[in-house]
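In: everything below, folded, please.
(one chain, ligands or ions: 1)
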Amino acid sequence: MNRRYRKTIIAGNWKMNKTATDTKKFAEELKAVMPKAKWCDVVVCVPFVNIPSAIKAFKDMRVSVGAQNVFYEKDGAYTGEVSADMLKDLGVKYVIIGHSERRQYFGETDFTVNKKVHAALEAGLHPIICVGESLEQRELGITMELIALQVKSALAGIPADKLRKCVIAYEPIWAIGTGKTATAEQAAEVCTFIRTTVRHLYGARIARSITIQYGGSMKPGNASELLAQPDIDGGLIGGAALKANDFVEIIAAANQD
Ligand code: PGA
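Out: You can find the predicted model right below:
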């Protein structure tokens with residue numbers, strides 16, 4: 001973390017978990033244990049159908065609501081899709097784009113990710129852009145090339161003044177939901193590389209101000225060490241974000257001096 005230059009953001013990614021009723025219950029549980037002063041921004045990315053109940057439930061808790069996906073067209077005949085304007089209108093602030101599960105199961109590509117980033121920014125949402133390598137790619141020694149490609153293609157055509165609204169999440173695929181966390185050194189190495197890539201594209205001032213999260217089995221037991229890395233400005237948390245007590249411990253780790 002480096003709070004002098006950029007925001008620390010702890011974001012939960014609920015994936016396809018919890019009903020609207022569960023959302024309300026979670027918010028009550030979180031409220032009971034949430035620290036009063038927070039040095040980090042807290043976001044909960046819920047399934048589309050839970051957005052209205054999440055907006056209501058988290059209203060007076062300084063917890064922002066995020067979505068887990070968005071379509072890139074403004075409107076039209078796209079059965080089953082949800083536009084950025086629809087999310088914005090509900091009060092959504094963040095949207096996860098290009099999560100590896102979307103790339104793996106729903107055919108998302110660097111090209112569609114880029115279109116979604118444009119659409120999100122145009123609607124005034126903050127995209128949380130996910131990048132990350134598979135185990136095979138890591139073992140082949142092509143992690144950095146792949147990350148550079150993902151970052152560059154996600155940001156293609158995004159003007160510098162909009163970049164401040166973007167968050168990049170480094171999520172090694174081999175660490176997601178597997179219980180295997182990247183070591184703090186591995187995570188820091190890639191997050192620093194992402195910032196360098198942004199610096200080459202947009203210059204030092206913007207690179208210094210962009211929030212870069214780590215995601216992949218982040219939990220209370222490893223959050224402090226990961227967040228102590230200067231280029232890791234928060235977490236995108238799956239499993240451990242489903243339990244209020246675990247989530248709040250990670251928030252507490254981000255709250256430390
Ligand atoms: P995990 O998921 O924390 O359960 O590994 C992280 C993510 O996919 O964003």
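In: give me phi/psi at the spatially most distant residue from the centre of the chain?
Out: Of all residues in the chain, residue 77 has its C-alpha farthest from the mean position, at 28.5 Å, by C-alpha atoms, centre = their mean. Backbone dihedrals for residue 77, given as degrees, to the nearest 10, come out at phi -80, psi 80.
In: wait, what's in contact with it?
Out: For residue 77, no residue meets the contact criterion (C-beta atoms under 8 Å, 6 or more residues apart in numbering). For every residue, glycine as well, the C-beta is placed using N, CA and C.
In: just the pLDDT at it, thanks.
Out: The model reports residue 77 with a pLDDT of 98.
In: how near is the spatially closest residue to residue 246 that is not a sequence neighbour to residue 200?
Out: Once flanking residues are discounted, residue 246 sits nearest to residue 240: 4.3 Å by C-beta to C-beta, 6 or more residues apart in numbering. Between residue 240 and residue 200 the distance, using C-beta to C-beta, to the nearest Å, works out to 33 Å.
In: the two - which one has more neighbours?
Out: residue 240 (20 against 13; other C-beta atoms under 10 Å).
In: next, the more buried one: phi, psi?
Out: Dihedral pair for residue 240: phi -70, psi -10, per degrees, to the nearest 10.
In: my read: it touches residue 250, true?
Out: Yes. Residue 240 is within contact range of residue 250, at 6.4 Å (criterion: C-beta atoms under 8 Å).
In: contacts only, for the residue nearest to residue 246.
Out: Residue 240 makes contact with 217-220, 246-247, 250, according to C-beta under 8 Å, 6+ apart.
In: go on, residue 202?
Out: The contact partners of residue 202, by C-beta under 8 Å, 6+ apart, come to 160, 163.
In: and residue 1, what's its pLDDT?
Out: In this model, residue 1 is scored at 86, pLDDT.
In: look up how far the ligand lies from it.
Out: Here residue 1 is placed at a distance of 18 Å from the ligand (C-beta to the nearest ligand atom, to the nearest Å).
In: how many neighbouring residues does that residue have?
Out: Using other C-beta under 10 Å, residue 1 is surrounded by 22 other residues.
In: so which bits of this protein are right by the ligand?
Out: The interface of the chain toward the ligand, taken as C-beta under 6 Å from any ligand atom, is made up of 13, 171, 176-177, 215-218, 236-240.
In: from those, which is closest to the ligand?
Out: For the ligand, the closest of the residues of the chain next to the ligand turns out to be residue 238, at 2.3 Å, with distances computed as C-beta to the nearest ligand atom.
In: tell me the secondary structure for the residue nearest to residue 255 when sequence neighbours are not counted?
Out: Of all residues beyond its chain neighbours, the one nearest residue 255 is residue 39 (5.1 Å), with distances taken as C-beta to C-beta, 6+ apart. Per DSSP: H, G, I helix; E, B strand; the rest coil, the local secondary structure of residue 39 is coil.
In: next, the contact list for residue 39, please.
Out: Going by C-beta under 8 Å, 6+ apart, residue 39 touches 3, 8, 254-255.
In: among these, name the ones in helices.
Out: Secondary-structure check on the contacts of residue 39 using DSSP state H: residues within helices are 254-255.
In: dump the contacts of residue 39 to a markdown table, plus distance to residue 47.
Out: Formatted as a markdown table, the entries for the contacts of residue 39 read as follows, by distance: C-beta to C-beta, whole Å:
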| residue | distance to residue 47 |
| --- | --- |
| 3 | 31 |
| 8 | 25 |
| 254 | 24 |
| 255 | 27 |
